[in-house]
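Engineer: sequence and predicted model, in that order:
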Amino acid sequence: MKIIQETQGEGLVGLLGKRVLLMCSTYFYSGKLVGVNDTDVKLEDAGIVYETGPWSQKGYADEQKVGDGAMYVRTSSIEAYKEE
């Protein structure tokens, strides 16, 4: 990818420590991004977002937390992502 200016921490690495929404091939996942490697990302306080609701509002219309512990998502299934 060509970019205008080279920046440290671009992409998922640049979002480490922040809450993110991962839009994947099957589900949307939300949580605090605490780890990134070549095959997976690690989320804490993770949830599955079944319905976003209006993008202009805070929070999601239907987000179900997945319980205690970390959740790992394969980077190969991530189609898009954004900081919450």
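Structural biologist: Perfect, I can see it now.
Engineer: quick one, what contacts residue 27?
Structural biologist: 48-50 (CB atoms under 8 Å, 6 or more residues apart in numbering). (Glycine included, C-beta is placed from N, CA and C.)
Engineer: buried subset of those residues, written for PyMOL?
Structural biologist: In PyMOL syntax, the buried subset of these is picked out as below (16 or more other CB atoms under 10 Å):
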select buried, resi 48+49
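Engineer: just the strands in this protein please.
Structural biologist: Applying DSSP state E to the chain gives strands spanning 19-24, 28-36, 40-51, 62-65, 71-74, 78-83.
Engineer: so which of those strands comes closest to residue 12?
Structural biologist: Residue 12 sits nearest to strand 28-36 of all the strands of the chain, at 4.8 Å, using CB to CB.
Engineer: re the thing from before, columns mean pLDDT on top of the strands of the chain, output as a markdown table?
Structural biologist: Formatted as a markdown table, the strands of the chain follow (pLDDT from 0 to 100):
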| stretch | mean pLDDT |
| --- | --- |
| strand 19-24 | 97 |
| strand 28-36 | 96 |
| strand 40-51 | 96 |
| strand 62-65 | 96 |
| strand 71-74 | 97 |
| strand 78-83 | 96 |
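Engineer: so which of those is nearest residue 9?
Structural biologist: Closest among these, using CB to CB: strand 28-36, at 10.3 Å.
Engineer: partner strands of that closest one, parallel or antiparallel?
Structural biologist: strand 19-24 (antiparallel), strand 40-51 (antiparallel) (DSSP bridges).
Engineer: report the angle between it and strand 78-83.
Structural biologist: 80 degrees (axes from the mean of the first three to the mean of the last three CA atoms, to 10 degrees).
Engineer: what distance separates strand 28-36 from the centre of its chain?
Structural biologist: Distance of strand 28-36 from its chain centroid, counting by CA atoms, centre = their mean, to the nearest Å, is 4 Å.
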